[in-house]
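A.B. asks: Have a look at this fold, sequence not included:
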């Protein structure tokens, strides 16, 4: 036995799920903060004890999450462990896989090593897939699970997620891709779980755009409409002009890029890629203006109009766009800002008491920068920026240091992009502000899961009236409600899952 049980607060529902999961490939659906890691530790300990000399592979989507799991398991499992990533040399990774019984890694690293023969799955008796809702499409989880199930002498898969999907077909795909034959689900309403749920107070806070910003938004919308006409001129969406949206633009761009990669270069494909790029930049600018921050909008427009790409140069020739930028610069100098910025500060100042701490979630780095600068003005607030690693972001060691300092109280406000939404455990968060709405039920659930893990938590949802905030708010609620119905369906009819090892009966 490798598990230091005296260090684990084992609960009855965790024990029941473990007993179910130790002998069959299982998807565990459990609300955030209720100990999916403990269940994984119990199953890993049982497998490594049952098959002496075997190993465990624990996959997580990001390097910070991988290293967090390594630190956690090193505390309560007495065994050699190793964290693998692209920053570790190939020979060192190979050695790590051979001598360590507990291997933690990102799926991208394992997928590459699998293809190059750096890792051999034969001696791994357990594969843990954290944030298993990613196991769809071309995500590396899928290839790894299939190869593992084929190569391991004693294979077992354990998938972990708090939020599988609001789409039945995707849940079915997750189970099929991971070889799942057993689903263990607990909700916040289950009697064996409810005593451990920390209540969260969720409050909707609506704001209105000031007339100055609303006027610019109307002008931006007119430019977007003119670009839709340009798309139609080249035969794109000719018969469905009114239904064009960002998602359709993205799909069209992806299709056109596919044609380019297939060497089917033609004038219309090239022109279509430029036009879709222009549209996506205009949509982004419009979102910054209406739902994010005026300062962020001005900064983005400056970069756009000074840009060197073909799409940037074409946009810079639109006289109305330059006039909007000039007007926005003047308004910013006069102190005009999106009302959410001031509202965020007032909510933090009113709500944070004593040594309490808060996270502010936003989708855009531009907004992180604006909020950070604004919140620094208040002596009672000690904000810090927390962003991802790409494009001039934070290094992994910087992210770890910030989380430690935040937990220790050096900072009391973490202004974060989506990097803190998924999986990462941040202790002592009493309050969250969702600066913008996201249409994903999974992301909404993960955001809420960062708050009140150990104490009662409070969440404020900021919604700008008449914008995509409102639309995304209702889309997210609808999808989350649908997800709960699907999960209840599966939970109430477990025999259907066991019959053929899939979720086909529910699709």
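C.D. replies: Yep, that arrived. Predicted model only: the values in this text are computed from it and were never measured.
A.B. asks: contacts, neighbours, all on C-alpha from now
C.D. replies: Fine.
A.B. asks: in the stretch 51-200 of the chain, which spans are helices?
C.D. replies: Secondary structure of the stretch 51-200 of the chain (DSSP state H, counting those that start in this stretch): helices at 63-76, 90-99, 107-115, 140-151, 168-178.
A.B. asks: can you list those helices in a markdown table and add mean neighbour count?
C.D. replies: Output for these, formatted as a markdown table (neighbours: other CA atoms under 10 Å):
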| stretch | mean neighbour count |
| --- | --- |
| helix 63-76 | 18 |
| helix 90-99 | 16 |
| helix 107-115 | 18 |
| helix 140-151 | 19 |
| helix 168-178 | 21 |
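A.B. asks: Could you export the ones you listed as CSV, including distance to residue 272?
C.D. replies: Formatted as CSV, those follow (distance: least, CA to CA, whole Å):
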stretch, distance to residue 272
helix 63-76, 36
helix 90-99, 41
helix 107-115, 31
helix 140-151, 30
helix 168-178, 30
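A.B. asks: can I get the ones you listed in JSON lines with distance to residue 458 and mean pLDDT?
C.D. replies: Shown next, in JSON lines, are the helices of the stretch 51-200 of the chain (distance: least, CA to CA, whole Å; pLDDT from 0 to 100):
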{"stretch": "helix 63-76", "distance to residue 458": "25", "mean pLDDT": "86"}
{"stretch": "helix 90-99", "distance to residue 458": "43", "mean pLDDT": "94"}
{"stretch": "helix 107-115", "distance to residue 458": "34", "mean pLDDT": "95"}
{"stretch": "helix 140-151", "distance to residue 458": "34", "mean pLDDT": "96"}
{"stretch": "helix 168-178", "distance to residue 458": "30", "mean pLDDT": "85"}
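A.B. asks: Which strands and helices lie in contact with the strand or helix carrying residue 478?
C.D. replies: Assessed by DSSP states H and E, residue 478 sits inside helix 468-492. In terms of contacts (3 or more CA pairs under 8 Å, 6 or more residues apart in numbering; DSSP states H and E), helix 468-492 is packed against strand 182-185, helix 441-449, strand 457-464.
A.B. asks: mean pLDDT for those: which is lowest?
C.D. replies: When the helices and strands packed on helix 468-492 are compared on average pLDDT, helix 441-449 comes out lowest at a mean of 62.
A.B. asks: buried stuff in stretch 347-367?
C.D. replies: By neighbour count on 16 or more other CA atoms under 10 Å, the buried set for stretch 347-367 is 348, 352, 357-367.
A.B. asks: from those residues, which is closest to residue 306?
C.D. replies: residue 366 (17.1 Å; CA to CA).
A.B. asks: which residues touch the closest one?
C.D. replies: 293, 296-297, 299-300 (CA atoms under 8 Å, 6 or more residues apart in numbering).
A.B. asks: For it, give its distance to residue 24.
C.D. replies: Distance of residue 366 to residue 24, given as CA to CA, to the nearest Å: 46 Å.
A.B. asks: still on that earlier bit, show me which residues of the helix holding residue 478 are buried.
C.D. replies: For helix 468-492, by 16+ other CA under 10 Å, it's 468-470, 472-473, 475-476, 479-480, 482-484, 486-487, 490-491.
A.B. asks: Relative to residue 380, which of these is nearest.
C.D. replies: Using CA to CA, the buried residues of helix 468-492 come closest to residue 380 at residue 469, 28.8 Å.
A.B. asks: That's all I had, so thanks and see you.
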